[in-house]
Each structure stands twice: as structure tokens, then as C-alpha cells.
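Asks: predicted model follows, preceded by the sequence.
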Amino acid sequence: MRSDPWDVIIVGAGPAGLMTAITCAVKPLRVLVLDGNSRAGAKLLLSGGGRCNVTNLKVSEKNYQGGEARTVRNVLSAFSSERAVRFFKSLGVAMVLEEGTKYFPETQSAKTVLEALLGEARACGVILEMKKKVSRISRPDGSFRVAGEGFEYTARAVVICTGGLSYAATGSDGSGYGLARTMGHTIVKTLPALTPLLTDDPDWKKLSGITLPVRLTVTAEEKKFAASEGAFLFTHTGFSGPAVLDISGPWLRCPAVPKELIANFLPDENEESLRAAWVRAAADHPKWSWKRFLARYFPERLTEVLFHKLGRDVGTPAGQCSKKDRDALFRSLAHFPLRVTGACGYEKAEVTSGGVDLREVNGKTLESKLQPGLYFAGEVLDVDGRIGGYNFQWAWASGFVAGKALLRELGTR
Ligand SMILES: Cc1cc2nc3c(=O)[nH]c(=O)nc-3n(C[C@H](O)[C@H](O)[C@H](O)COP(=O)(O)OP(=O)(O)OC[C@H]3O[C@@H](n4cnc5c(N)ncnc54)[C@H](O)[C@@H]3O)c2cc1C
């Protein structure tokens, strides 16, 4: 390995750090990536159930929460998801679309994605050192000192790509926020996001394992605060599945008390379609119970719990109730309050919301406005995306933007 001083030191070998390195490691720049973990990209390997949802066909700043939307838009437009797909194809990783918009590697393996990034970083001459946890960044003179137990390096520029606080065993333990703070940066309050929600309601808990499509809404003071749609899973502690994970961040951030989580258990139906189905069933099967009639929408166990909660008898013939009563029932099933008592913490959260305040970074380069030569990329910034490949897209795009800016700034020595 060539020795100090380095042109660029990148702290963190996750998706954002590797993308930054690949982008800026153009000769003659010498780029060193330091990571505290024993293996690079440990979180990437867990992602998408081991399959890695690399990006999404439809990406805009509206899919993200956190700091200034203008900065998020700038960054996303510099490296679109289409470009991410082409980039991976150029590394030999073809993508397939699932559920209409989610891109996964054709191999269905996150390992393929990580190996492609590591291979490209090596090919670009990036030096990667594992088990090098950075605990200090300082700037005693013009250049940066980057240090940890048993090492100290010097660099002209530093990029902090240390991720958030979730799944700390992957290496992202929040220490990057401390590094940013010592360089004068403000950290917007962090919270777990994309995390399951908890309930103390035994009726819901006994439905553990049941999954169905829902639309969820967080309401407060009779106003809609946030909504999500997709698969919903009852668990032995509460609620999970993509629709729940997506709404967990807004739920935790919604400051209003009280606030409600409302489930529409019939998201693909409307009053008309339900009435038509009921009219048909009443004519063809006048003796069908509600349980039988609703079997086309819900598993039996769920119907029983829903009716129990509504104080109704699931065994009464559906076709014999009054129209008013029927309409009231359908409305209830589409507007069902779920008692939420909390959220799982960072150990179950896919991402962290909050982080380095975007107002303190240049929205076009992701360079610190407080410390020229210091950059940020990835989840360490106050940006978190919905479920569906948006968080990786942020890592690719922000790594690209920081890397390009470094090239412009340091490219000629
Ligand atoms: C279970 C799970 C599934 C997910 N699935 C998806 C998905 O399918 N699609 C999607 O878009 N997103 C997914 N995500 C989110 C996504 O993985 C993250 O948003 C993304 O990895 C963030 O990239 P990053 O490079 O910013 O940070 P990270 O991936 O967290 O990488 C940060 C790196 O920095 C290192 N580091 C931290 N502190 C230090 C330090 N002080 N010194 C040296 N090194 C340090 C860490 O060891 C780590 O290697 C998932 C997350 C989880 C937990």
C-alpha cells in the first residue's frame, strides 16, 4: 500500500462509501476506504431478504423524508435509477423488475451486487482496509487526520459514509454522527424507521402469521398525516410487512397526541364493488354467513377478530342484514383503528431517520459548508427513503455526487 498522505479517505465501506470510492478513484487520485467491520457491505448482504432491492423504477424526492427536498432532488437527478441499472449492468449485474417497479439482481443474490462493487473498487485502485474503526477526525493544519486504535492517516479530503444506527452488528453503530459533530455539524434527531410497530392488543397478536394487502393512514386532529399501501403482516408483537414499515417513520415523527393508525382492510374494493358482491351473494347464497361471504377477502381467523371487535356475530347470514347495516360494516372494515403502543428499535429498523443536517452541506456537492474538504454520502445524512430500493438509490446517487465533486476539486494535483 502506498503511504500517507492520501488524496481521499472514505470512512465506511457500505454502498455509499464504495460508490463514492469508485467515482473518485480516477488516476492520479489515491483513495483509501476504512471500515470498522471485518467485512465490507455487511448491511447490503442482508438487504431485501438477501436479494438486495437495488433501486426503483420511479424515484423522486417525494419518496424520501428528512432534510431539504431541493438537495434530495438535486442529488437524485444527478444519478437516476435508470443510470444505476446501467451502472450495474456495466459491472456485469443485470437487473430484473419485480412488482412493477422494484429492481433486483437477476441472480436474486445481494452477494452479486457487493462483489461487483468491490471488484470495481479494486479495479479502480481503491485501497480498502477493514477492522479500522475511525474514532477521530481532526484538522490541525490544512489536511485531515483520520485516526482510530493503532492507526492515523492524513488526507486532503474526507468522506463520511458511516450509515445510520440500525442493525449495529453490520458496523453502522452511529459513530459517524460523533465524527460529524466533532467537525462542527448538527445531527438532526435520529429515530428508527422502516421498523415493525408494536401492540398490546391480544386480539391482533393471536393473528400472528396472517398477511394481507392493506392501506394504512396515520391521522391526527382529523387530518391525514401519512399513508402507505402494500402487504401487512400480523406478528406476535404487533404489525409488520412493507405497508407497516413504510408508515413507521411518519408514525414515530407525527408529534400530535392523540394520533391514530387506521387500516383499510379492503384496499382494492370500493363501496360499489362491495355492494355488488353482496347483492350477488345475497341472491345466489342467501344463507351464507358473514364469515363465508368475507372469505374471499380475509382468512377466517381475521374475520372472527374483526367481528369480535365490532361486536358483531360472524355467523349471521350476510344477505339478511339491512342495507344501512351492511354499508356501516363495509365502512368499518375500510376504517379500522389499530392500537399501536410503540415501535421496534434500531435492532429491527431497516434505516435511521435523522442524521447530518442537510442545511450544513452544499446541495450540489454534499461538501460540508463548515469544513471545506469534508463530504458526506448515504444514510448518515438526514435522508431516509420508503421501502422499495429507495435507500440504496440514495446511497448510489449521493456517493456519485460526492465522488464527482471530489474529482473536480482534487482531480489535478
Ligand atoms: C435488513 C435490512 C434490509 C434492507 N433492505 C434494503 C433494500 O432491499 N433496499 C434498499 O434500498 N435498502 C435496504 N436497506 C437499507 C440499506 O441497507 C441502507 O440504507 C444502506 O445500506 C445505507 O448505505 P450506507 O453506505 O449509507 O451505510 P451502511 O450500509 O450502513 O454502511 C456503513 C459502513 O460504515 C462502516 N462504519 C460505520 N462507522 C464507522 C467508523 N466509525 N469507522 C469505520 N467504519 C465505520 C460500517 O461498518 C459499514 O460498513 C435495508 C436495511 C436493512 C437493515
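Replies: Noted; the coordinates are in hand.
Asks: flag every residue of the protein that's near the ligand.
Replies: 11-17, 34-37, 42-44, 46-48, 52-53, 133-134, 161-163, 166-167, 171-172, 175-176, 350-351, 378-379, 389-392, 395 (Cβ under 6 Å from any ligand atom). All C-beta atoms are positioned from the backbone trio N, CA, C, and that covers glycine.
Asks: just the ones of these in strands?
Replies: 11, 34, 134, 351 (DSSP state E).
Asks: quick check, nearest of those residues to residue 105?
Replies: Ranked by distance to residue 105 (Cβ to Cβ), those are led by residue 351 at 20.4 Å.
Asks: what about the closest one, how many neighbours?
Replies: 28 (other Cβ atoms under 10 Å).
Asks: what does residue 357 give?
Replies: Neighbourhood size, residue 357 [other Cβ under 10 Å]: 18.
Asks: now for it: which residues touch it?
Replies: 67, 185, 186, 187, 188, 382 (Cβ atoms under 8 Å, 6 or more residues apart in numbering).
Asks: in strands, which of those fall?
Replies: Per DSSP E, those map to strands at 187, 188.
Asks: helices of the chain, residue ranges please.
Replies: 15-24, 42-50, 69-78, 81-90, 110-123, 175-182, 202-205, 242-253, 271-284, 290-293, 300-310, 323-333, 390-410 (DSSP state H).
Asks: include mean neighbour count and mean pLDDT when you put the ones you listed into CSV, please.
Replies: Shown next, in CSV, are the helices of the chain (neighbours: other Cβ atoms under 10 Å; pLDDT from 0 to 100):
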stretch, mean neighbour count, mean pLDDT
helix 15-24, 29, 98
helix 42-50, 18, 96
helix 69-78, 19, 97
helix 81-90, 17, 98
helix 110-123, 19, 98
helix 175-182, 20, 98
helix 202-205, 15, 97
helix 242-253, 24, 93
helix 271-284, 14, 92
helix 290-293, 19, 94
helix 300-310, 17, 96
helix 323-333, 15, 94
helix 390-410, 25, 97
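Asks: quick check: which of those is nearest to residue 219?
Replies: Closest approach to residue 219 among the helices of the chain is made by helix 242-253 (10.8 Å; Cβ to Cβ).
Asks: what lies in contact with that closest one?
Replies: By Cβ under 8 Å, 6+ apart, the residues outside helix 242-253 that reach it are 65, 191-197, 213-216, 218, 225-233, 259, 261, 340, 343, 349-350, 353, 384, 386-388.
Asks: now do stretch 168-186
Replies: Identification of contacts with stretch 168-186 by Cβ under 8 Å, 6+ apart yields 11-12, 14, 35-37, 42-43, 46, 133-139, 160-166, 187, 190, 346-347, 352, 355-357, 360, 368, 370-371, 374, 376, 379-380.
Asks: just the buried ones among those, please.
Replies: 11-12, 14, 35-37, 42-43, 133-134, 137, 160-166, 187, 190, 346, 352, 355-357, 360, 368, 371, 374, 376, 379-380 (16 or more other Cβ atoms under 10 Å).
Asks: end-to-end on stretch 361-381?
Replies: From its first residue to its last, stretch 361-381 covers 9 Å (Cα to Cα, to the nearest Å).
Asks: and it, how far from the chain's centre?
Replies: Counting by Cα atoms, centre = their mean, to the nearest Å, stretch 361-381 is centred 21 Å from the centre of its parent chain.
Asks: quick check: the residue in the stretch 201-350 of the chain positioned nearest to the ligand vs residue 369, distance?
Replies: Ranked by Cβ to the nearest ligand atom, the top residue of the stretch 201-350 of the chain for proximity to the ligand is residue 350, at 3.8 Å. Distance, residue 350 to residue 369, by Cβ to Cβ, to the nearest Å: 29 Å.
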